[in-house]
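Enquirer: Quick one, what's the 3D model for this:
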Amino acid sequence: MLAVESAGTLPNMHTSAELPVTFDPTRWHTLRLQRQDDQLTIFLNGPEVLTILLPLRPEGIGLVTRDAAAAFTSVWQTAGGRQSLDELSRSKLQ
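Expert: Numbering: from 1, shown residues only. The predicted structure follows:
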């Protein structure tokens with residue numbers, strides 16, 4: 001199951017989507033989150049799996065697991081173009 005939970009200033013929100021029957025937890029997967037205005041769309045290995053509504057004000061986002069081990073690598077944040085978090089940090093320092 002893929003679950004989305006809110007914390008902090010967001011209204012209490014818990015929503016989830018069933019994973020495809022072909023999902024193999026022992027393999028690497030691509031998780032993409034795309035925010036457009038008040039809509040957050042979550043994609044797993046390409047296809048969209050979940051869309052939720054968020055407040056329009058800026059909020060932080062994090063990736064966590066519950067009762068499972070996971071590694072998150074190659075995490076990117078985009079804003080009008082593809083930039084790594086390191087690139088975004090360097091551009092703000094210049």
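
Enquirer: quick one: what helix or strand has T15 in it?
Expert: strand 14-17 (DSSP states H and E).

Enquirer: hmm, who's touching that strand?
Expert: Strand 14-17 is contacted from outside by 1-6, 42, 49-50, 52, using Cβ atoms under 8 Å, 6 or more residues apart in numbering. For every residue, glycine as well, the C-beta is placed using N, CA and C.

Enquirer: Show me what the following helix or strand past it is packed up against.
Expert: Proceeding C-terminally, strand 14-17 gives way to strand 31-36 as the next helix or strand, assigned by DSSP H and E. Where contact means 3 or more Cβ pairs under 8 Å, 6 or more residues apart in numbering; DSSP states H and E, strand 31-36 is packed against strand 39-44.

Enquirer: report the angle between the axes of the next helix or strand after the strand it packs on and strand 39-44?
Expert: Elements were assigned by DSSP H and E; along the chain past strand 39-44, the next helix or strand is strand 48-53. Here strand 48-53 points in a direction 160 degrees away from that of strand 39-44 (axes from the mean of the first three to the mean of the last three Cα atoms, to 10 degrees).

Enquirer: Go ahead and name everything in contact with strand 48-53.
Expert: 2, 4, 13, 15-17, 19, 38-43.

Enquirer: out of the residues you listed, which one sits closest to Q77?
Expert: Ranked by distance to Q77 (Cβ to Cβ), the contacts of strand 48-53 are led by L40 at 13.6 Å.

Enquirer: about what we covered before: just give me the closest of the contacts of strand 14-17 to T65.
Expert: Nearest to T65, judged by Cβ to Cβ, of those is A3 at 9.8 Å.

Enquirer: can you pull the pLDDT of the nearest residue in space to that closest one that is not next to it in sequence?
Expert: Closest residue in space to A3, ignoring its immediate chain neighbours: S16 at 4.3 Å, by Cβ to Cβ, 6 or more residues apart in numbering. pLDDT, S16: 83.

Enquirer: Same question for the one 3 residues further on.
Expert: Here, the pLDDT recorded for L19 equals 85.

Enquirer: tell me the contacts of it?
Expert: Applying Cβ under 8 Å, 6+ apart to L19 gives the contacts 1-2, 44, 49.
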